[in-house]
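Asker: could you work out the structure for the sequence below:
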Amino acid sequence: MAGRRITLSLISHTNVGKTTLARTLLRRDIGEVADQPHVTDVSEAHTLIETPDGLGMTLWDTPGFGDTAHLLKRLRASRTPIGWLLSQVWDRFRDRPLWCSQQAVRNVQADADVVLYLVNATEDPAASAYVGMELQILDWIGKPVVVLLNQLGPPHDPSRDREDMERWRSALSVGTSVRAILALDAFARCWVQEGALLDTVTDVLPGDKQGDCRSLAAAWRRRNLDAFAGAMRILASQIALAARDREPIGEEPLGEKLRRVVVAGRGGDDASSRRRAMAALASRLDRAIVESTNRLIALHGLEGEAAQQVLERIRENYTADTPVDANLAAVLGGFVSGALGGLAADLAAGGLTFGGGIVAGGVLGAFGAAGLAKGYNVVRGAGTASLRWSPGFLHDLVKAALLRYLAVAHFGRGRGRWQDSEAPEFWKDVVEAAAESRRGSLEQALRRHDTEADEVLSAELTRLARDVLVRLYPESATVFEAN
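Answerer: Presented below is the predicted three-dimensional model:
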């Protein structure tokens, strides 16, 4: 087995995003990326997967086709079009489009087991004449082709991808070597979609190479499922820490005073002690969220850090439906401006509503929690009282964590450094439904505070996240079934 390799050639018209997608698939920066034609002018090989016994999969990043209409006209005039193309001598700089086309064809002819042909999904396939021309050139070579739809935009309802695939399938189904069409956006793909790609590559390979490809796909699954398990442990540790967290607030009867502060707006010095306790809990939670997000970013082979959210963004999300008591406004204003450090959640009290709150990436508060004030519970001990996060708030924290995971899992390295962004609405709906279906077991896991609490919560999050991914990408079920 040593030295045997499966080779994939990434091919497209120039400036469609081959190198960007290659960076995402490889989890590292390769080549040069710029919004101009023929940036890549030589074919470069990169190891995508490798097993300890030497079996490997190579991904070639190739130059893009250019001036295809002119090239195809000359090819059609030849009795041996590919032989003619490879025999020509073109100047690398003066005849750059033809030179790059020749390099791409030479790579496919000599090295490819499967061609990954990348197209711009925003284009109308009927109007993209060059696509049919380039596929005709690939037909002459005769290697199996998998079309990948790129530039699909930010994460969206997968049904739209299915519509795009059907649109392209209808346009490319006649007279080409195309064996399959998949959605795989360089900026916003999810890692489980790469598993579906490997399954497809296995299916279109000649029979004598399918066994090796299955072994490589299994190695890919082990590597990525290890990362998936690591991500769930990171999130479980952060959530379990929040579930155990307590902040003393003094010996006064908190229930009455907290009610007076939040509802009646009369707090004085007592309100300050409540505010400090809330601020301490919120600050610790925010630091933990930022830290765990940074660990997720590194785990997924990305660069960059989670950002603290700008407080002005929080203030933009409030409306005053009724006149607000000045004391209450002072309490809440101090709470927002001095305590949160990037954390906010829906807060409803005395007619004042803060909506659409953000924590480290715009995902806490996405479910319209009953209110940050209601997120705190009073815990009375021996002569003291303390605040903790309520069970309902922790349940929302789990959903927020899953949204953060989805954001990182979809962020392609080809996009550049990590950037915080809002979670798409359809993600929230899917996470909400999955979390609700497991509410009972999730609440049990959140109540545990023993030495096995993190492990139990990690297992529950793993089941929940797997459910979410399969709901989003039904074809990804095989990624998890294999293990």
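
Asker: what residue lies at the spatial centre of this structure?
Answerer: H410 (1.4 Å; CA atoms, centre = their mean).

Asker: correct me if wrong: it contacts H156.
Answerer: No: with contact defined as CB atoms under 8 Å, H410 does not count as touching H156 (10.8 Å). For the C-beta atoms, the positions are set from N, CA and C on the backbone; glycine is no exception.

Asker: what about A459, neighbour count?
Answerer: Applying other CB atoms under 10 Å, we find 17 other residues in the vicinity of A459.

Asker: so it is in which element?
Answerer: Here A459 sits within helix 453-472, counting by DSSP states H and E.

Asker: buried residues, that helix. List them.
Answerer: Residues of helix 453-472 classed as buried: 453-462, 464-472 (neighbour count, 16 or more other CB atoms under 10 Å).

Asker: domain parsing for this structure?
Answerer: Under the assignment automatic domain parsing, the domains of the chain span 5-189, 226-481.

Asker: out of the ones you listed, flag the one nearest A218.
Answerer: Among the domains of the chain, domain 5-189 comes nearest to A218, with 8.8 Å by CB to CB.

Asker: how distant is the closest one from the center of its chain?
Answerer: The chain centre lies 24 Å from the centre of domain 5-189; the measure is CA atoms, centre = their mean, to the nearest Å.

Asker: how about stretch 189-197?
Answerer: Centre to centre, stretch against its chain (CA atoms, centre = their mean), the figure for stretch 189-197 is 11 Å.

Asker: all strands of this structure, in order?
Answerer: Ranges of strands in the chain, per DSSP state E, are 5-12, 44-50, 56-61, 114-120, 145-150, 178-183, 247-250, 318-320, 347-349, 352-354, 376-380, 385-389.

Asker: would you quantify the distance from V145 to D208?
Answerer: Distance from V145 to D208, counting by CB to CB, to the nearest Å: 19 Å.

Asker: more neighbours: which of these two?
Answerer: V145 (26 against 7).

Asker: show me what contacts the more buried one?
Answerer: Residues in contact with V145 (CB atoms under 8 Å, 6 or more residues apart in numbering) are V114, V115, L116, Y117, L135, L138, T176, S177, V178, R179.

Asker: so can I have a markdown table of the strands of the chain showing distance to Y405 and mean pLDDT?
Answerer: Shown next, in a markdown table, are these (distance: least, CB to CB, whole Å; pLDDT from 0 to 100):
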| stretch | distance to Y405 | mean pLDDT |
| --- | --- | --- |
| strand 5-12 | 28 | 93 |
| strand 44-50 | 23 | 92 |
| strand 56-61 | 26 | 93 |
| strand 114-120 | 27 | 94 |
| strand 145-150 | 24 | 93 |
| strand 178-183 | 20 | 92 |
| strand 247-250 | 27 | 76 |
| strand 318-320 | 28 | 24 |
| strand 347-349 | 25 | 29 |
| strand 352-354 | 25 | 29 |
| strand 376-380 | 25 | 51 |
| strand 385-389 | 20 | 79 |
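
Asker: okay if I get those strands as CSV plus distance to T202?
Answerer: As requested, the strands of the chain are exported to CSV (distance: least, CB to CB, whole Å):
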stretch, distance to T202
strand 5-12, 9
strand 44-50, 12
strand 56-61, 11
strand 114-120, 9
strand 145-150, 11
strand 178-183, 11
strand 247-250, 54
strand 318-320, 53
strand 347-349, 52
strand 352-354, 51
strand 376-380, 52
strand 385-389, 46
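
Asker: closest one to L86 among these?
Answerer: Judging these by CB to CB, what sits closest to L86 is strand 5-12, at 15.0 Å.

Asker: low-confidence ranges, the stretch 51-200 of the chain, go.
Answerer: By pLDDT under 70, the low-scoring segments of the stretch 51-200 of the chain are 89-96, 173-175.

Asker: show me what contacts the nearest residue to R463 once chain neighbours are set aside?
Answerer: Closest residue to R463 apart from its sequence neighbours, by CB to CB, 6 or more residues apart in numbering: R438 at 6.9 Å. For R438, the contacting residues are E460, R463, L464, D467, by CB under 8 Å, 6+ apart.

Asker: which helix runs longest in the chain?
Answerer: helix 207-244 (DSSP state H).

Asker: how many other residues sit next to A433?
Answerer: 12.

Asker: now do it against R471, distance only.
Answerer: 7 Å.

Asker: list the buried residues of stretch 47-62.
Answerer: Buried residues in stretch 47-62 (16+ other CB under 10 Å): L48, I49, T51, L55, G56, M57, T58, L59, W60, D61, T62.

Asker: same check on stretch 101-112?
Answerer: Of the residues in stretch 101-112, S101, Q102, Q103, A104, V105, R106, N107, V108, Q109, D111, A112 count as buried by neighbour count, 16+ other CB under 10 Å.

Asker: which ones among the residues you listed are found in helices?
Answerer: Mapping those onto helices (DSSP H) picks out S101, Q102, Q103, A104, V105, R106, N107, V108, Q109, D111.
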